[in-house]
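Asker: Based on what follows, work out the 3D shape:
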Amino acid sequence: MHKLIVFALSIFFCCAFHSSFAQKKIKYDKDIFPLLEAKNYDQAMPMLWSFLADPKNAEVPNANLQVGLYYESLVDGYHIINDSTAILGASDTAVIYLSKAKALITEKELKKNDEFYQDFYRRDLRTGDFGIKISDVQLDVEKKLQSLKNINKYAKEIYTDLFSINVANEFSINAYQSFNRQYPNINDLYLMADDGVKDTLVSMIDKNTEIKEKFDNVRDAVSRIGKKGYSPELTFAEIVNYGEDGLSTVNFFENDVKAWDYGSWAEETQNIVKRDMTRLKSQIVAANKALKTQSEKINSGSGILDEEPITALDAKMVAEIKKYDEEPLAVELLSILLNKNKFDYLTSETLNERMVDLDDVDYQLAVSDSLIQLIDMMDASVSTLVEPGITVAAKKYNKLITGEYGGDVGLIRYRKKLEGELASARSKWSAYNDQYIERARWGVSEDGTDSLYLIPRMDTSYVAHDFSKYYSIVSMKDDSSNTYVVGMEFRGTSDQGFIARVNNARKILWKRNFKLTSFTYSDSEFLVSGQFIPAPEGAVAAYIFSLVPESKNNIIAISTNPEGEMNWVNHLKISRPPVDVKFNDIVKETIFYTKTEEELENGAGDPDDPGYFVVDRSGNVR
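Answerer: Below you'll find the model as predicted:
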């Protein structure tokens, strides 16, 4: 190619100066060489090309040498990178003409035209004589040829390598930018990485290795040429912020190059995909299968106790998933299965034998409360199984959704099936729960004529007087789910207090009355408070306190045994409601404090109030 360029230049210059050359015969020694010696190349080179174009002059040794030397000087002035095309052409031309000159220059030529070769005039180190030796000329030309050949060889390699490096880097930046467009969130890239993404990451790693290796080759080639003006250095910048770093282009033909380290980024991304994503997704699929197996055992009624039941999702697994997916649909699917298994277990009369005992009111209420909560949780999870979440999740958790649920369409069918089942379950168990909430509030006598409001848990309201002849002031449960109730029974002019025991089936086992001697209360608002207090083993104790100031006896303390036998009843007048009640188990005494510990220490409060009173084991007050 370069030879063709040289040939074309020769023809061009030959044609351009043909007319003038024909009119006046130009002599090399008088017209051309002086211009070359004066380095007046603008005038000399056209004349030299025209001179050589004449076949009679094509073999003139020094003319060929001067062409070679001229193009060698061009090579010396060119930048190895910026002038890469020019330096290759010039070095090719220089090699052609210097090689030809080397073959043509002989002893005869040197003797005949020694004025053309004064640059080679030097002292012989052996003899001390000055002169021009053919060996010196040949050696100098050979050195120039070797240098030019090296430049030509390594310039090609440098350019080829830098071109390849730019292509490799362009591949990586295009791949990285494509990831950014397709996966704006890096976690989505991790979770959705398919085989295509994985292959691209491998290619980015390989391209990075190629860049490093070829840039080392470039540096080595530059050092071999020895040309000044180009000393390439390559540094890599870490991609820290995905979507921000790594988006700018890089020109590897520059002297000092700072490139984005796509290889390290791709390697780290590949490690997360291979290590963390593969493991987490396998854990999710395994957990899903384990929950399905447990479901089969629960619904078959056997085998559930063969191994430890799954009562919660692996917290570590869930936490790791949420590091990469803030609202992981995969976790919602696992939660549905887990809660469905709990629901099926609780409602299975084969596995959960207590469900058969309909008189176990506390349990039935607790279970129905739990079932409603489970339905709420499943409803919340099912509500997430909608588009576009399903499609996105199918890409993140392909093995789970495609393998276990039949893909996008299968998941939609699954959601619709669950919606129907949950609506039916909610209707049934809400009604059941309402029934037991109401049943838990009342104690009913065997004959059904009497009913006591039990003030159940989470219920701070009192039933209006019109609904019952009993007004419950305070209630307490014992370890056997018996409920003790203290209140007032309205009998017109002879209202009484009562204490009653109601079993877990909400049947009144017994009710004992006590007098409300000089105990005043409001007929409309009642204004009575109460509290169960510490008591010795085998006894139940409580008090009621009237908030009406004019009440002559404003506190009534009572004690009974679990069978309903009254131990003692005390009617007293105190300055204010008790602030604390303690039981001394050593002397079996109950101490009612009407002053705080701080007031007792400082002597504060009513000076006529001792601050406490004591009821002994026999019910005597002091």
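Asker: In this structure, which helix is the longest?
Answerer: Using DSSP state H, we find that the single longest helix of the chain is helix 134-182.
Asker: Which elements pack onto it?
Answerer: Helices and strands touching helix 134-182, as assessed by 3 or more Cβ pairs under 8 Å, 6 or more residues apart in numbering; DSSP states H and E, comprise helix 61-77, helix 84-104, helix 107-112, helix 195-225, strand 256-260, helix 262-271. Glycine gets a C-beta too; all of them are placed from N, C-alpha and C.
Asker: now the angle between helix 262-271 and it, please.
Answerer: 40 degrees (axes from the mean of the first three to the mean of the last three Cα atoms, to 10 degrees).
Asker: would a markdown table of the helices and strands packed on helix 134-182 with distance to S475, mean pLDDT and mean neighbour count be doable?
Answerer: As requested, the helices and strands packed on helix 134-182 are exported to a markdown table (distance: least, Cβ to Cβ, whole Å; pLDDT from 0 to 100; neighbours: other Cβ atoms under 10 Å):
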| stretch | distance to S475 | mean pLDDT | mean neighbour count |
| --- | --- | --- | --- |
| helix 61-77 | 106 | 88 | 21 |
| helix 84-104 | 97 | 87 | 20 |
| helix 107-112 | 131 | 89 | 14 |
| helix 195-225 | 64 | 91 | 17 |
| strand 256-260 | 73 | 89 | 17 |
| helix 262-271 | 62 | 97 | 19 |
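Asker: Could you report the neighbour count for D276?
Answerer: 16 (other Cβ atoms under 10 Å).
Asker: And it, how far from Y324?
Answerer: Counting by Cβ to Cβ, to the nearest Å, the gap from D276 to Y324 is 8 Å.
Asker: can you list the helices and strands packed on helix 134-182 in TSV and add distance to L509?
Answerer: Below are the helices and strands packed on helix 134-182 laid out as TSV (distance: least, Cβ to Cβ, whole Å):
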stretch	distance to L509
helix 61-77	116
helix 84-104	106
helix 107-112	139
helix 195-225	71
strand 256-260	82
helix 262-271	69
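Asker: out of the ones you listed, which comes closest to K416?
Answerer: Among the helices and strands packed on helix 134-182, the nearest to K416 by Cβ to Cβ is helix 195-225 (32.1 Å).
Asker: the inter-axis angle of the closest one versus helix 134-182?
Answerer: Using the same axes, to 10 degrees: helix 195-225 against helix 134-182 is 160 degrees.
Asker: got the angle between helix 195-225 and strand 256-260?
Answerer: 170 degrees.
Asker: Does anything pack onto helix 195-225? Which helices or strands?
Answerer: Against helix 195-225 (3+ Cβ pairs under 8 Å, 6+ apart) you get helix 134-182, strand 233-237, helix 262-271.
Asker: Rebuild those as JSON lines, extending it with distance to M47.
Answerer: Below are those laid out as JSON lines (distance: least, Cβ to Cβ, whole Å):
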{"stretch": "helix 134-182", "distance to M47": "23"}
{"stretch": "strand 233-237", "distance to M47": "45"}
{"stretch": "helix 262-271", "distance to M47": "55"}
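Asker: closest one to D580 among those?
Answerer: helix 262-271 (63.6 Å).
Asker: Pull out the buried positions in whichever helix or strand comes after that closest one.
Answerer: Per DSSP states H and E, the first helix or strand lying C-terminal to helix 262-271 is helix 278-300. By 16 or more other Cβ atoms under 10 Å, the buried positions in helix 278-300 come out as 280-281, 283-285, 287-288, 291, 294-295, 297-298.
Asker: what does helix 278-300 rub up against?
Answerer: With contact meaning Cβ atoms under 8 Å, 6 or more residues apart in numbering, helix 278-300 is reached by 303-304, 306, 309-310, 313-314, 317, 320-321, 324, 330, 333-334, 337-338, 340-341, 344-345, 348, 351, 397, 399-400, 403-404.
Asker: So which of those belong to strands?
Answerer: Among the contacts of helix 278-300, no member falls in strands (DSSP state E).
Asker: before we move on, the earlier item: who touches both of D276 and Y324?
Answerer: Common contact partners of D276 and Y324 (Cβ under 8 Å, 6+ apart): Y190.
Asker: contacting residues for W568?
Answerer: Contacts for W568 (Cβ under 8 Å, 6+ apart) come out as 557-559, 615, 618-619.
Asker: Check which helix or strand the residue nearest to V386 when sequence neighbours are not counted maps to.
Answerer: Counting by Cβ to Cβ, 6 or more residues apart in numbering, V386 lies nearest to R415, which is 7.4 Å off, once chain neighbours are set aside. Per DSSP H and E, R415 falls inside helix 407-441.
Asker: For Y397, give me phi and psi.
Answerer: phi -130, psi 60 (degrees, to the nearest 10).
Asker: Grab the nearest non-local neighbour of it.
Answerer: A330 (4.5 Å).
Asker: ok, now how distant is the one you found from M377?
Answerer: Applying Cβ to Cβ to A330 and M377 gives a distance of 16 Å.
Asker: Likewise for Y405?
Answerer: On the measure of Cβ to Cβ, Y405 and M377 end up 19 Å apart.
Asker: Mind checking which of those two has more residues around it?
Answerer: Y405 (21 against 16).
Asker: So the more buried one is in contact with L411, correct?
Answerer: Yes. Counting by Cβ atoms under 8 Å, Y405 does reach L411; the two are 4.9 Å apart.
Asker: and the residue lying closest to Q496 once chain neighbours are set aside, what element?
Answerer: Spatial nearest neighbour of Q496, excluding adjacent residues (Cβ to Cβ, 6+ apart): N513 at 4.4 Å. Using DSSP H and E, N513 sits in strand 508-515.
Asker: What residues of that strand count as buried?
Answerer: Within strand 508-515, the residues scored as buried using 16+ other Cβ under 10 Å are 508-509, 511-514.
Asker: what do you get for stretch 599-617?
Answerer: Buried residues in stretch 599-617 (16+ other Cβ under 10 Å): 599, 605, 611-613, 615.
Asker: try stretch 350-358
Answerer: So stretch 350-358, judged by 16+ other Cβ under 10 Å, has buried residues 351, 355.
Asker: from now on call the first residue 57
Answerer: Okay, using 57 as the starting number, the last item reads as stretch 406-414.
Asker: Could you identify the buried members of the contacts of W624?
Answerer: 613-615, 671.
Asker: Could you identify the most distant pair in those residues?
Answerer: Among the buried ones among the contacts of W624, I614 and V671 lie farthest apart (Cβ to Cβ), at 10.2 Å.
Asker: How about the spatially most central residue of the chain, nearest residue that isn't a chain neighbour?
Answerer: The centroid of the chain falls nearest to Y380 when counting by Cα atoms, centre = their mean (2.7 Å). Excluding the flanking residues, the one nearest Y380 by Cβ to Cβ, 6+ apart is N243, at 4.3 Å.
Asker: what's the answer for T646, then?
Answerer: Leaving aside its sequence neighbours, T646 sits nearest to V671 (Cβ to Cβ, 6+ apart; 4.5 Å).
Asker: Please report phi then psi for that neighbour.
Answerer: The phi and psi torsions at V671 (degrees, to the nearest 10) take the values phi -110, psi 120.
Asker: In contact with P444, which residues?
Answerer: Counting by Cβ under 8 Å, 6+ apart, there are no residues that P444 touches.
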